[in-house]
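[1] Below are the sequence and a predicted model for it; my questions follow.
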Number of protein chains: 2
Amino acid sequence: MAINPHVELISIGEELLIGKIANTNAQFLARRIVSLGGRVRRITVVGDDVDVIAETIRESLNRKPDLIITTGGLGPTFDDKTLEGIAKGLGRSLVLDVKALNMIKEHYAHLSRERGQKYEFTPARLKMAKIPEGSSALHNPVGTAPGVLIKLDGGFLVALPGVPSEMEAIFEESIAPIIRNLSKSVFHEKSLRVEGIFESDLAPLIDVAMRENATVYVKSHPKMEEGRGYIELHLTTSSETLEKAKESIERTAERLRELIEQKGGSIVPQGTP
Amino acid sequence: MAINPHVELISIGEELLIGKIANTNAQFLARRIVSLGGRVRRITVVGDDVDVIAETIRESLNRKPDLIITTGGLGPTFDDKTLEGIAKGLGRSLVLDVKALNMIKEHYAHLSRERGQKYEFTPARLKMAKIPEGSSALHNPVGTAPGVLIKLDGGFLVALPGVPSEMEAIFEESIAPIIRNLSKSVFHEKSLRVEGIFESDLAPLIDVAMRENATVYVKSHPKMEEGRGYIELHLTTSSETLEKAKESIERTAERLRELIEQKGGSIVPQGTP
């Protein structure tokens, strides 16, 4: 394997092919993968068609990536065809998975209690628990459809939902650690505590700093401590050497400080009361 | 050929693979192609690598689309490899094209005059005039690198620059008419005159109306008439029948009227003084 594991993204959904939305899922994944020490080599966008998805999976496997990530098409409706396509591409069947079933049941039971509605397990919901033979369901911390992880000869195939918040949550919980583990590059991270600026005013500054420092990923987390709000910025990167990784993080942190101070905010030492 | 010509997009550039930018060029093209009666079947994003571009072109040709559009990699720098990749994929050579050469010369001569600089024709500039054998250079109304059009057996291959304004300008001038001509569906269009609202306030309303009416493309043009500013909205769509096309246009126009009036603007009959 190369220093940077080779990743292919397959984005599935008609809404991308008619230009209803831009492929921001692919952008998020590409950024995160770079910061974790991986490398996206190809992004393919196709529609919700079982044969096309199967063909795309086979083509991708032929290029022998370390990881294939699909997004979209895991939901309960008839046009969510990703798992059927993946199963066909791999020559496997779809089987009812007990772990996936329990995840989905729990989610709907919880929603039903909250809404005081009768709990029903419909065929549409059952559909989401049918995953390719030999794969494992991945916990979805913020939605219904579980992600799916398949260990293949020499690599992994992961299916994530198309809803950005669900895709990101499953990625962070289950996939980021795999990429970091596959990567031979050195990972480095740093947290900054920001005060005196709204998160919405901070967002465009983060975009500027990330555009200028493409290998560093910056995530903001609003926090509260003893009744006082602040924002934690978490910077992550990967590089061939620890020196280079540290240098990228420091350069990005310095740029953020500059941009934040221009807007009247400040970066304060961590843990300052 | 189907009613809707089958289009594949190939987006070339490392900045897409590291997530530096979202693929908004593909989104623009997909929207416009739908409104002109075409249909995007696949979008592939790859890096600036001659062999990978050549392979992607061959794979795409095997699926026999009516039109392939590449974006990116036409510039003067060493990492702009699209034409070399296309030439290799088609088994053709790159040849110096007199028409392309004149377009580029004219552009730089004009820039040099404007800036009072000496006019120079560098090897980097000459590079942009080397296009695949048997192709034609397409006029770039807003930048330097010409687009490239190649007529193939049963289809077309077009290479557009990655800079959005240049890509859009060449598309509108040279490619939109080809798609409209290939399409067997019925094209319909309408113009609206909008007053009492800034173009920047109108932009998000257009986005809402287009998201709700995915087959209709809406373009705004700021205009001036006898010292009075207004915005012309141009709505275009394609459908199987004229009735359906008209219906989509009217629904979108009505929605736009609603949104614009909520913001204090109005749609006035065309030509009103």
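    Structure's in. What do you need?
[2] so where's chain A uncertain?
    Applying pLDDT under 70 to chain A picks out residues A:1-2, A:271-273.
[3] The helix or strand where residue A:245 lies: how far from the chain's middle?
    Per DSSP states H and E: residue A:245 is located in helix A:242-262. When distances are taken as C-alpha atoms, centre = their mean, to the nearest Å, helix A:242-262 is centred 24 Å away from the chain's centroid.
[4] what's the answer for stretch A:205-217, then?
    Stretch A:205-217 sits 18 Å away from the centroid of its parent chain (C-alpha atoms, centre = their mean).
[5] Report the buried residues of the helix or strand hosting residue A:207.
    Assigned by DSSP H and E, residue A:207 belongs to helix A:199-212. Buried residues in helix A:199-212, counting neighbours by 16 or more other C-beta atoms under 10 Å in any protein chain shown, are found at A:202, A:205, A:206, A:209, A:210. Where C-beta positions appear, they are placed from N, C-alpha and C, glycine not excepted.
[6] again with stretch A:170-189
    For stretch A:170-189, using 16+ other C-beta under 10 Å, the buried residues are A:170-171, A:174-176, A:178-180, A:182-183, A:185-188.
[7] do stretch A:226-239 as well
    Buried positions in stretch A:226-239, judged by neighbour count with 16+ other C-beta under 10 Å: A:230, A:231, A:233, A:235, A:236, A:237, A:238, A:239.
[8] swap in stretch A:34-51?
    Under 16+ other C-beta under 10 Å, the buried positions of stretch A:34-51 are A:34-50.
[9] before we move on, what about stretch A:258-273?
    In stretch A:258-273, counting by 16+ other C-beta under 10 Å, buried: A:259, A:260, A:265, A:267.
[10] what residues does it touch?
    Applying C-beta atoms under 8 Å, 6 or more residues apart in numbering or on different chains, the contact partners of stretch A:258-273 are A:191-197, A:201-202, A:205, A:208-209, A:226, A:230, A:253, A:256-257.
[11] Could you work out the end-to-end span of stretch A:58-77 for me?
    24 Å (C-alpha to C-alpha, to the nearest Å).
[12] again with stretch A:212-231
    Stretch A:212-231: ends 21 Å apart by C-alpha to C-alpha.
[13] In space, what's closest to residue A:58 - neighbours in sequence excluded?
    Leaving out its chain neighbours, the residue that sits closest to residue A:58 by C-beta to C-beta, 6 or more residues apart in numbering or on different chains is residue A:89, at 5.1 Å.
[14] Pretty sure that neighbour sits against residue A:57.
    Yes: taking C-beta atoms under 8 Å as the definition, residue A:89 is a contact partner of residue A:57 at 3.2 Å.
[15] quick one on the thing from earlier: now flag whichever of the buried residues of stretch A:258-273 is closest to chain B.
    Closest approach between these and chain B, by C-beta to the nearest C-beta: residue A:259, at 17.5 Å.
[16] hang on, residue A:5 packs against residue A:185?
    No: Residue A:5 is beyond contact range of residue A:185, at 9.4 Å (criterion: C-beta under 8 Å).
[17] and for the two, which residues touch both?
    With C-beta under 8 Å, 6+ apart, residue A:5 and residue A:185 have common neighbours residue A:37.
[18] Report the backbone C-alpha coordinates of the helix holding residue A:245 in CSV.
    The C-alpha trace of helix A:242-262 is given here as CSV (Å, rounded to 0.1, in the frame of the first residue of the first chain):
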residue,chain,number,x,y,z
LEU,A,242,5.7,15.1,12.0
GLU,A,243,7.6,18.3,11.2
LYS,A,244,5.6,18.9,8.1
ALA,A,245,2.3,18.1,9.8
LYS,A,246,3.1,20.5,12.7
GLU,A,247,4.1,23.2,10.2
SER,A,248,0.8,22.9,8.4
ILE,A,249,-1.2,23.0,11.6
GLU,A,250,0.7,26.0,12.9
ARG,A,251,0.5,27.9,9.6
THR,A,252,-3.3,27.4,9.6
ALA,A,253,-3.7,28.3,13.2
GLU,A,254,-1.7,31.5,12.7
ARG,A,255,-3.9,32.4,9.7
LEU,A,256,-7.0,31.7,11.7
ARG,A,257,-5.8,34.0,14.5
GLU,A,258,-5.2,36.7,12.0
LEU,A,259,-8.6,36.4,10.4
ILE,A,260,-10.4,36.1,13.7
GLU,A,261,-8.7,39.1,15.2
GLN,A,262,-9.6,41.2,12.1
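[19] Please confirm that residue A:131 is located within a helix.
    No: note on residue A:131: no helix contains this position according to DSSP: H, G, I helix; E, B strand; the rest coil, which reports strand.
[20] Based on its surroundings, how many neighbours for it?
    28 (other C-beta atoms under 10 Å in any protein chain shown).
[21] ok, now which ones touch it?
    With C-beta under 8 Å, 6+ apart, residue A:131 has these contacts: A:83, A:94, A:95, A:97, A:100, A:137, A:146, A:148.
[22] now the residue in the stretch 51-200 of chain A positioned nearest to chain B, what's its secondary structure?
    Nearest to chain B, among the residues of the stretch 51-200 of chain A, is residue A:59, at 7.3 Å (C-beta to the nearest C-beta). With three-state DSSP as the basis, residue A:59 sits in helix.
[23] Let me know whether it touches residue B:62 as I believe.
    No: checked against C-beta under 8 Å, the pair residue A:59 and residue B:62 is beyond contact range at 10.6 Å.
[24] Of those two, which one has the most company?
    When neighbours are counted by other C-beta under 10 Å, residue A:59 comes out ahead of the other of residue A:59 and residue B:62, with 15 against 8.
[25] quick one: that one from residue B:69, how far?
    In this view, residue A:59 and residue B:69 are 20 Å apart by C-beta to C-beta, to the nearest Å.
[26] quick revisit: in strands only, show me the buried residues of stretch A:34-51.
    A:39, A:40, A:41, A:42, A:43, A:44, A:45, A:46 (DSSP state E).
[27] Can you tell me which residues in chain A are near chain B?
    With the criterion set to C-beta under 8 Å from any C-beta of the partner chain, chain A comes near chain B through A:16-24, A:26-34, A:39-47, A:52, A:59, A:211, A:214-215.
[28] how about 6 Å then?
    Proximity of chain A to chain B, by C-beta under 6 Å from any C-beta of the partner chain, involves residues A:17-20, A:22-24, A:27, A:30-31, A:34, A:40, A:42-46, A:214.
[29] Flag every buried residue along stretch A:89-108.
    By 16+ other C-beta under 10 Å, the buried positions in stretch A:89-108 come out as A:89, A:90, A:94, A:97, A:100, A:101, A:103, A:104, A:107, A:108.
[30] among these, which are in strands?
    residue A:94.
[31] Turn the buried residues of stretch A:89-108 into JSON lines, columns for distance to residue A:160.
    Below are those laid out as JSON lines (distance: C-beta to C-beta, whole Å):
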{"residue": "A:89", "distance to residue A:160": "16"}
{"residue": "A:90", "distance to residue A:160": "17"}
{"residue": "A:94", "distance to residue A:160": "17"}
{"residue": "A:97", "distance to residue A:160": "16"}
{"residue": "A:100", "distance to residue A:160": "14"}
{"residue": "A:101", "distance to residue A:160": "19"}
{"residue": "A:103", "distance to residue A:160": "14"}
{"residue": "A:104", "distance to residue A:160": "16"}
{"residue": "A:107", "distance to residue A:160": "16"}
{"residue": "A:108", "distance to residue A:160": "20"}
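[32] show me where chain A has helices.
    Remark: helices assigned in chain A by DSSP state H are A:14-17, A:24-35, A:50-62, A:82-90, A:98-115, A:123-127, A:164-170, A:176-182, A:199-212, A:242-262.
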